[in-house]
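Enquirer: next come a sequence and a model predicted from it.
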Protein chains: 2
Amino acid sequence: MTFRPASYGACPVPANSADRIEMAHGGGGKLTQRLIDTVFKPAFAFSEEDLTGDSAAIGRSGSELAFTTDAYVVQPLFFPGGNIGSLAIFGTVNDLAMSGARPLAVSAAFVIEEGFALADLIRIVETMRDAAAQAGVRVVAGDTKVVERGKADGVYIATSGVGEIGSRTPIRPQAVRAGDPVIVSGDIGRHGMAVMAARESLGFEPPIESDCAPLFGPVSALIDGGIELHCLRDCTRGGLATALIEIARCADVTIAIKQAKIRISDPVRGACEILGIDPLYVANEGRFTAIVAGGDADRALTILQRHDKAAAIIGVVCEREGRTDAKIETIGTTRALDLQTGEQLPRIC
Amino acid sequence: MTFRPASYGACPVPANSADRIEMAHGGGGKLTQRLIDTVFKPAFAFSEEDLTGDSAAIGRSGSELAFTTDAYVVQPLFFPGGNIGSLAIFGTVNDLAMSGARPLAVSAAFVIEEGFALADLIRIVETMRDAAAQAGVRVVAGDTKVVERGKADGVYIATSGVGEIGSRTPIRPQAVRAGDPVIVSGDIGRHGMAVMAARESLGFEPPIESDCAPLFGPVSALIDGGIELHCLRDCTRGGLATALIEIARCADVTIAIKQAKIRISDPVRGACEILGIDPLYVANEGRFTAIVAGGDADRALTILQRHDKAAAIIGVVCEREGRTDAKIETIGTTRALDLQTGEQLPRIC
């Protein structure tokens, strides 16, 4: 992703020399946004364009390029349905896809802890090879650094991606309008709960597999189908709820969704109940939300259901309602959704 | 840099499950090349083109793009003449420059240790802003992850860069010919010794400052001056000697240099003598070697000396002499240069 927006107002740069980084600064919630707002945004002079998408556009004569980066620190490194390698490839090509960009090339930089098993490194790299092939992209550049024992946690991988933007109109939150339908491309919560179960050695039966997958296929099907795409966002760190809140803030709208429309598999629902976790905030690595022109709702849904039968229209964009970014209707009640303050599941990606 | 070549013959993938990553796997010498050769090269099917440059070319209709990535794990984070932030910007734009590419955009992914002082993070990010401005490029995409205390070492930064290739002919080791002069853009060894002195609290007087600087300026001056550039390589991890050895292996030539022509400042020379370190293998972050067409030697030198008076022609490319990649003539004797096996200065970049 690119640095995400911080539309809740600028905070002063902390003057207190005792201020220290907390785990929640990496959680994708309020503290992450504050860090971006107070440290990165002023330094790098990010434009709103830079800040509101999953990848940055590089203006050039000829076609437009998308450029994105992500660091991966998932723990454990291996989990049902994938490992840090597939995550690093899919996460980055998916950020490109969210700009409607076909991936051209991926780079990978490794920070490896001294003593890490070479066999595990090979397994990860081979998974990256397979994931890249599945996503139709090549890893063309890389780097390896090794740090002393106890200075990393096995391996961290930072991937970057360059893509060519194929859609005629910019796909971005600012294009979202009241009345637009909100579609989700499949069931939610699987990646986060798969990692959580692997980390805590929770033996859910059947085991929950990560949804980790490349997303340019369904995105290009939408583009090729002539769907008027307003905004695409993958529902990674912070889950579906955070994605919708971020879009709503950028677009200055309120997004209303219905609990009954959101597909959550029984194992994920059960695991979330046991652990007291709200699946709306659980990370996905192969799910996205598409906000399209009202007239294209049914056609877009049909296209997405060809890729995943669980794709569903879960709500609608409304005119801004005061301070409410997003709200969810459950049986008889409606409650507002807000960014989480703490860290629900650290090191999920 | 992109993954570097391993032209000394393929090694089998290690079958021993007890094989583990050692610090020297990150040192830029023999073990790094073996790791690339046995793990990354077979998985990602790197072409020789991918492997022999500092950045990878992305073929597209229209102009050609260069794409590169590097992870930065330097310790200490702050040293005379720079910090991890300037290193992360200059290192990446310099890899682009070595392909003759003008930097278009840079991305930065941060892995931050819980408890890291926010003031230090701000100082690093502000240095990155200044370095990017100096290099004429913008940081357009980023990501932050936080890991638990003891799972990183302050902060690691992975930067990637996209550039537009401006030279008419490819700049790469394979273009190097016997008879070509070998030029170095300034004095060598300052970055490595500055970091070493800071790490070991060696109070050299005067203090040694890193040479950390952007290199597209002198490179574009060479291009604009119509110099026929055969190969450019920045003399980072592994120093001048490793850069020359890598070029010689790719080009199947032997490079002969003269000790007396290589500029080393008195403080660097003194520090190297005290510590028993060969300055030819010490990392630089603002120095490169240019191998140009024979007829352009004097003009290229004049152009480079406008940027740094210490630029010098240090040797010549010769026909391949058996197993010798590079050799250096000192008073009365000539010795072969070889890749280092161990790790001279870990975590220098």
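Expert: Thanks, I have the structure now. Numbering: from 1, shown residues only, chains lettered A, B, ... in the order given.

Enquirer: near chain B, which residues of the stretch 151-300 of chain A?
Expert: Contact residues, the stretch 151-300 of chain A versus chain B (Cβ under 8 Å from any Cβ of the partner chain): A:151-153, A:156, A:158, A:160, A:162, A:164. All C-beta spots, glycine's among them, are computed from the backbone N, C-alpha and C.

Enquirer: rerun that using 7 Å as the cut-off
Expert: Proximity of the stretch 151-300 of chain A to chain B (Cβ under 7 Å from any Cβ of the partner chain) is limited to residues A:151-153, A:156, A:158, A:160, A:162.

Enquirer: residue A:250 touches residue A:231, doesn't it?
Expert: No: Residue A:250 lies out of contact with residue A:231 (Cβ atoms under 7 Å); the separation is 8.4 Å.

Enquirer: neighbour count for those two, which is higher?
Expert: Taking other Cβ atoms under 10 Å in any protein chain shown, residue A:250 and residue A:231 do not tie; residue A:231 has more neighbours (27 against 22).

Enquirer: with adjacent residues omitted, what lies nearest to that one?
Expert: Distances taken as Cβ to Cβ, 6 or more residues apart in numbering or on different chains place residue A:291 nearest to residue A:231, at 4.4 Å, with adjacent residues excluded.

Enquirer: secondary structure class for the one you found?
Expert: Three-state call for residue A:291 (DSSP: H, G, I helix; E, B strand; the rest coil): strand.

Enquirer: could the residues of the stretch 151-300 of chain A next to chain B go into JSON lines alongside neighbour count, pLDDT and secondary structure?
Expert: Formatted as JSON lines, those follow (neighbours: other Cβ atoms under 10 Å in any protein chain shown; pLDDT from 0 to 100; DSSP: H, G, I helix; E, B strand; the rest coil):
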{"residue": "A:151", "neighbour count": "20", "pLDDT": "96", "secondary structure": "coil"}
{"residue": "A:152", "neighbour count": "25", "pLDDT": "96", "secondary structure": "coil"}
{"residue": "A:153", "neighbour count": "21", "pLDDT": "96", "secondary structure": "coil"}
{"residue": "A:156", "neighbour count": "30", "pLDDT": "98", "secondary structure": "strand"}
{"residue": "A:158", "neighbour count": "32", "pLDDT": "98", "secondary structure": "strand"}
{"residue": "A:160", "neighbour count": "31", "pLDDT": "97", "secondary structure": "strand"}
{"residue": "A:162", "neighbour count": "29", "pLDDT": "95", "secondary structure": "strand"}
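
Enquirer: quick check: the farthest pair among those?
Expert: Maximum pairwise distance among these (Cβ to Cβ): 30.2 Å, between A:151 and A:162.

Enquirer: quick one: low-confidence residue ranges for the stretch 201-349 of chain A.
Expert: Counting by pLDDT under 70, the low-confidence segments of the stretch 201-349 of chain A come to A:342-344.

Enquirer: ok, now with 80
Expert: Applying pLDDT under 80 to the stretch 201-349 of chain A flags residues A:201, A:203-205, A:341-345.

Enquirer: tally of neighbours for the closest residue to chain B within it?
Expert: Using Cβ to the nearest Cβ, the single residue of the stretch 201-349 of chain A nearest to chain B is residue A:347, 6.6 Å away. By the measure other Cβ under 10 Å, the count of residues near residue A:347 is 22.
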